[in-house]
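Engineer: How does the following fold in three dimensions:
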Amino acid sequence: MYFVKVYVTYKDSVLDPQGEAVKGAIHRLGYEAIEEVRIGKYFEIKVAKTDQPIEEAIEKICDSLLANVNMETYRYEITEEA
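Structural biologist: Reported below is the predicted structural model:
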């Protein structure tokens, strides 16, 4: 069994209005040193072992379902569960 963590965030060139709102709230709390906040999505996926490369399947899932590749970028971590 594999455990996959997928992180999806806006590309750097895309404005993140939620992140800006959170940054404003943080500044109002007195933490002016915070320069940027980016909001994203997080997914946990469990995958049974197969003969297919897991990376290929995860990339297809991310590209077609989990991320809007025009506006968002993603990264993932794969670990093997005992």
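Engineer: Quick check: bridge partners of the spatially closest residue to Asp16 that is not a sequence neighbour?
Structural biologist: Here the nearest residue to Asp16 in space, its sequence neighbours aside, is Tyr10; by C-beta to C-beta, 6 or more residues apart in numbering that works out to 4.8 Å. Bear in mind the C-beta positions are built from the backbone N, C-alpha and C, glycine included. In this entry, Tyr10 is beta-bridged to Glu72, by DSSP bridges.
Engineer: which ones are touching Tyr10?
Structural biologist: By C-beta atoms under 8 Å, 6 or more residues apart in numbering, Tyr10 lies in contact with 16, 19, 38-40, 71-73.
Engineer: could those residues go into TSV alongside distance to Cys62, pLDDT and neighbour count?
Structural biologist: Shown next, in TSV, are those (distance: C-beta to C-beta, whole Å; pLDDT from 0 to 100; neighbours: other C-beta atoms under 10 Å):
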residue	distance to Cys62	pLDDT	neighbour count
Asp16	19	96	19
Gly19	21	96	16
Arg38	17	95	14
Ile39	18	96	13
Gly40	13	96	16
Met71	13	96	13
Glu72	9	97	16
Thr73	10	97	16
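Engineer: Out of the residues you listed, which is nearest to Leu65?
Structural biologist: Distance to Leu65, by C-beta to C-beta, is smallest for Glu72 among the contacts of Tyr10, at 11.8 Å.
Engineer: check contacts around Leu29.
Structural biologist: With C-beta under 8 Å, 6+ apart as the criterion, no residue contacts Leu29.
Engineer: Need phi/psi at it.
Structural biologist: phi -80, psi -10 (degrees, to the nearest 10).
Engineer: tell me the secondary structure for the residue at the greatest distance from the centre of the chain?
Structural biologist: In the chain, counting by C-alpha atoms, centre = their mean, Gly30 sits farthest out from the average C-alpha position, at 27.8 Å. Of the three states, Gly30 takes coil under DSSP: H, G, I helix; E, B strand; the rest coil.
Engineer: Got phi/psi on it?
Structural biologist: Main-chain torsions, Gly30, degrees, to the nearest 10: phi 100, psi 10.
Engineer: name the element Val14 belongs to?
Structural biologist: Using DSSP states H and E, Val14 sits within no helix or strand.
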